[in-house]
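Participant: generate a structure from the sequence data that follows.
(2 chains)
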Amino acid sequence: MPKLTVEDLKNLREGLRDKMNIRSGEAKAKVIVHMSTCGIAAGARDILKAFMDEIENRGITDILVTTSSCAGLCSKEPMITVLYQNQPPVKYVELTPQKVKKIFEEHLLNGNIVKEFALASGSETTA
Amino acid sequence: MAYRSHILLCSGTGCVSCGAFTLKETLKTELQKRNLQDEIQVVTTGCQGFCAEGPIMIVQPDGIFYCQVKPSDVPTIVEEHFIKGRPVKKLLYTGAAKATPIPALKDIPFFAKQQLVVLRNRGLVDPDKIEDYIAVDGYSALSKALTEMKPEAIIAEIKRSGLRGRGGGGFPAGIKWETCRKAYLQRNVEPVVICNADEGDPGAYMDRSIIESDPHAVLEGMAIAAYAIGAKEGFIYIRHEYPLARQRLLNAIEQAKEYGLLGENILNTNFSFNIEIVQGAGAFVCGESTALMASLEGEVGEPRAKYIHTVEYGYKNRPSNLNNVETYANVPLIILRGSDWFASMGTGDPRENPWNGSSGTKVFSLVGKVNNTGLIEVPMGISLREIIFDIGGGIPKGKKFKAVQTGGPSGGCLPESKLDMPVDFDSLTEAGSMMGSGGMIVMDEETCMVDVARYFISFLTEESCGKCTPCREGLRTMLDILNRICEGKGKEEDIAFLEEMGEVMQDCCLCALGTSAPNPVLSTIEYFKNEYLEHIKNHKCPGGVCKELITYVIDKNKCDGCHACTKVCSSNAIKGEAKKLHSIDTTKCIKCGACIEVCTKDAIYKE
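Facilitator: The predicted structure is shown next:
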C-alpha cells in the first residue's frame, strides 16, 4: 500500500463509502457479529462460526459476514446486527447456533425478520 | 404568491359525514386569525380512502398525516404545526398498518436516551479494518488539522470546546495541551504524548470498549494532539488484562503505518508521529500520572509529589501530555465539527472558560443490580435516575434501589435523594463522589453499605503502593475498623475516627489514589450513617450481608418440608422430616445462602 496524501485519503473514502453501503454493492444482506470481550465471552465465536458454516454449506455468495465491536447491551450478548437490502438494521440478542439457523433461513435468505429473537430495528442516535 | 404549505382535507362522503366541512371553515377562520391565509392553502380533495379514521387531512410538503381531527384541535394544529413547525403528535396516525413487526431501536429506552459521540462507530465498523474507519470519515480530522490548522488553532479549538479529561480528574484538555506545548517551546525538549489505557476500576470497562470498538479513533486523536503539542513520539499504556484491546491497537497501528497515517511524513506533510504500546502489569496506582510515567521508564510504579507538573517534566523529564482513551477519542470529531458543536452538548457554556460546565458526552459502564447491564454513552447533565431507571431498566426482581457508586473504588456512594442530580464533573464532586473514569455500580436494598465501604477500602489497601504513610497506614487502619464493625464489634467512636482519618488522608496523601481513597467511607457515613449505627449499636446488618450479624431462619408458616434445602446444604445444618417443618442448626450453618435460592416457598429468611 503506497502512503496516502490528503487527496488520496479523500478519494479512498469516497470509494470505500460506496462499498460499505450494501444497497449499491452486490450483497443482498450483511451480518455484523458483535465481538468485543463481552460478546466473545458470551459465545460470539460460535455464532460467527455458525453463520460461516451456513454460507459455506449452502454455497452462498451474496451474504456478507463481518465482525464489529460491543453493541452496548452487554447483558444480552451474543448479539448480531442484520442489514438486509432496503430494511433498517435489525439487532438480534441472546443468540445460540440454533437461533442462527432460523435467522439465516428466514431473514437473510428471505428478508423476514425473526420477531422472537429480535430486539429492535434502526440505528442508534449519534450526535 | 406561492403558498408555503397545503392542507389536503379529505371531503369524501365518509369524512364529510364526520364533519369535514365544519373543519374546513374552522381551519380557514383560524388561519385568517393568525394571518396565515396567504401562506397556507386549504384544499378539499376526493376520498383519500381511509374513512375509518376521518376526518383526515394531509399537510404538504411535510407529508404529515392527521386523522380524527376535530374543530377543537384546529387552534393547536395551526399554532404548533404552522407557526412553530412542530407536527401535533397526538393527532398523527399511529395505526397497525404502519407498525414494524419489532420495535424501533430509538423507542427502546436503553438506546433512546443515549447519544453516541465517542462510540459513534460501535457495532458498525470492523475494528480490524482501517478501511471501515476511513469510510466513516476516519482520519479526515487529522487531514484537516495537518493541512488547514496551525497547532495553536487546534489547541484553541479544544480549549473552546470545553473537553475535560475523561480519566476522572476533569482537567480541561486544551489547557493541558497548551501548557505542554509552552514547556516544549521554552525548554526545546521534545515532548511526548501518552494515552492512559490503564483502566483499573472494578466493574469499569469504558476504555477497553472504546479501543475494542474503534481503535483508530484513539490513534487519530493522539496524532492530532501530537501535532498540536509538537510531539513525534507517543505511548499507549495499557494494562495486560486487556489482550483483545491491545491486539486491536497493534493491528490498527500497523495498518495506519501502511497507509502513511502514522510514521514519517504523515499524509505527505512534514509531520511525523509514532506510537508505541506499553503493557502495564496491572497495578492500580499506575493509572496515576506520575506512577504511570515511572512505570513507562521502567522504574517501580510509584507516584511522586507534583509540585512540578508532568506536562513540564514527565516521562524522562520531557514535557508529557497524558490523557485517557476517551479524551483522545473525542478529539477527531471536535476538529471535524468544531467546538461550537461539542460545546452545545452537556452543561454550561465552556467557550470562554473551559472550566465552565461539562460539555459533550460521557461513557459509563453500567453494572451491578440493574436490569440492562451495559456500556452507555449519554450527554453530560443527564440525571442519575434517567441512567439507572430508563437506560438501565431499573433494579432486577422488583427490589428497591439503595445507592449508586460512581467514580470507581475511590468514588462515593450516592443515595436515592441524589438521583435527580445532573451527572457532570462538578455536581458529582460536590455530592462527595466523583466522575472518575465512568464506572457506575448500582446497589439494591440487599446491599450493606458498610460492607461496600469495606470492599473498596480492602481493594485500595492492596493497591496502595506504600510510598506515603497516610495512604499506607490510613487505609489499613480504616480496614481494621470496618472489619470490626462488620463483625459486630464496632464502637460508637469508630465513626468519628473514620471521618477524622479520612480528612487526614485527603489532606496529606501524595497522590490522588490516597486523597480520594476515603471517599467510599466518608460518603457512606454521610448518606447511610444509620447502617453504621445499626451494626455498632444493635449488631444488625440491615442489608443482610455481614455474616456475623445475621442468622438464617425458617418461617414455620411457609415451610412445607419439601427437602429442597436439605439437599443443597453443604454443612448439613438443616434437619426435618419430609413434609414436616424443617429447622436450621445455627451452630452448623455457614450462611452461604444456598437454601434461600432453592426454596420455592420463600420460607427461609435472614434475621
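
Participant: relative to whatever helix or strand A:T67 lives in, what are the paired strands and their orientations?
Facilitator: According to DSSP states H and E, A:T67 maps onto strand A:63-68. Applying DSSP bridges, strand A:63-68 is found paired with strand A:29-34 (parallel).

Participant: and the strand holding A:T67, how far out from the chain's middle?
Facilitator: 5 Å (Cα atoms, centre = their mean, to the nearest Å).

Participant: contact partners of that strand?
Facilitator: A:22, A:27-35, A:48, A:51-52, A:55, A:81, A:108, B:122-128, B:213 (Cβ atoms under 8 Å, 6 or more residues apart in numbering or on different chains). Heads up, the C-betas are built off the backbone N, CA and C, glycines and all.

Participant: pull out the buried residues from the residues you listed.
Facilitator: Among those, those scoring as buried are A:22, A:27-35, A:48, A:51, A:55, A:81, A:108, B:122-128, B:213 (criterion: 16 or more other Cβ atoms under 10 Å in any protein chain shown).

Participant: any idea which element B:I376 lies in?
Facilitator: Per DSSP H and E: strand B:374-379 holds B:I376.

Participant: who does that strand pair up with?
Facilitator: By DSSP bridges, strand B:374-379 pairs with strand B:361-368 (antiparallel).

Participant: extract the CA atoms of the partner strand and return them as CSV.
Facilitator: This file holds the C-alpha atoms of strand B:361-368, laid out as CSV (Å, rounded to 0.1, in the frame of the first residue of the first chain):
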residue,chain,number,x,y,z
THR,B,361,-21.0,13.2,26.4
LYS,B,362,-19.6,10.6,28.9
VAL,B,363,-19.3,6.9,28.5
PHE,B,364,-20.3,4.8,31.5
SER,B,365,-20.2,1.1,32.3
LEU,B,366,-23.5,0.5,34.0
VAL,B,367,-23.2,-2.6,36.2
GLY,B,368,-24.4,-4.1,39.5
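
Participant: can you tell me which residues contact the residue in the stretch 251-400 of chain B positioned nearest to chain A?
Facilitator: In the stretch 251-400 of chain B, no residue comes nearer to chain A than B:G260, which is 2.8 Å away by Cβ to the nearest Cβ. By Cβ under 8 Å, 6+ apart, B:G260 lies in contact with A:P2, A:K3, A:L4, B:I266, B:L267, B:N268.

Participant: can you confirm it is in a helix?
Facilitator: No: assigned with DSSP: H, G, I helix; E, B strand; the rest coil, B:G260 falls outside any helix and is coil.

Participant: how far away is the residue of the stretch 401-550 of chain B found nearest chain A from B:S410?
Facilitator: Residue of the stretch 401-550 of chain B nearest chain A, by Cβ to the nearest Cβ: B:V442 (12.5 Å). The spacing between B:V442 and B:S410, counted by Cβ to Cβ, to the nearest Å, is 18 Å.

Participant: with B:S344 instead?
Facilitator: 32 Å.

Participant: with B:K491 instead?
Facilitator: B:K491 is 26 Å from B:S410, by Cβ to Cβ.

Participant: those two: which has the busier surroundings?
Facilitator: B:S410 (25 against 11; other Cβ atoms under 10 Å in any protein chain shown).

Participant: pretty sure B:P409 contacts B:G203?
Facilitator: No: B:P409 is beyond contact range of B:G203, at 9.3 Å (criterion: Cβ atoms under 8 Å).

Participant: looking at those two, which one has more neighbours?
Facilitator: For the pair B:P409 and B:G203, the greater number of neighbours falls to B:P409 (26 against 15), based on other Cβ under 10 Å.

Participant: enumerate every residue touching that one.
Facilitator: Applying Cβ under 8 Å, 6+ apart, the residues contacting B:P409 are B:D201, B:P202, B:F284, B:F456, B:F459, B:L460, B:E463, B:A517, B:P520.

Participant: name the SS class of the nearest residue to it once chain neighbours are set aside, please.
Facilitator: Leaving out its chain neighbours, the residue that sits closest to B:P409 by Cβ to Cβ, 6 or more residues apart in numbering or on different chains is B:F456, at 4.5 Å. Taking three-state DSSP as the rule, one finds B:F456 in the helix state.

Participant: coming back round to it: in TSV, list the contacts of B:P409 along with secondary structure.
Facilitator: Below are the contacts of B:P409 laid out as TSV (three-state DSSP):
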residue	secondary structure
B:D201	coil
B:P202	coil
B:F284	helix
B:F456	helix
B:F459	helix
B:L460	helix
B:E463	helix
B:A517	coil
B:P520	helix
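
Participant: so how do I select the buried members of those residues in ChimeraX?
Facilitator: To isolate in ChimeraX the members of those that are buried, counting by 16+ other Cβ under 10 Å, one can use:
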select /B:201,284,456,459,460,463,517,520
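
Participant: tell me the least confident of the contacts of B:P409?
Facilitator: Among the contacts of B:P409, B:P202 has the lowest pLDDT, at 84.

Participant: phi, psi of that one?
Facilitator: Dihedral pair for B:P202: phi -60, psi 130, per degrees, to the nearest 10.

Participant: for it, list the residues it contacts.
Facilitator: By Cβ under 8 Å, 6+ apart, the contact set of B:P202 is B:G408, B:P409, B:G439, B:F459.

Participant: and the residue of the stretch 501-607 of chain B nearest chain A?
Facilitator: B:E597 (20.0 Å).
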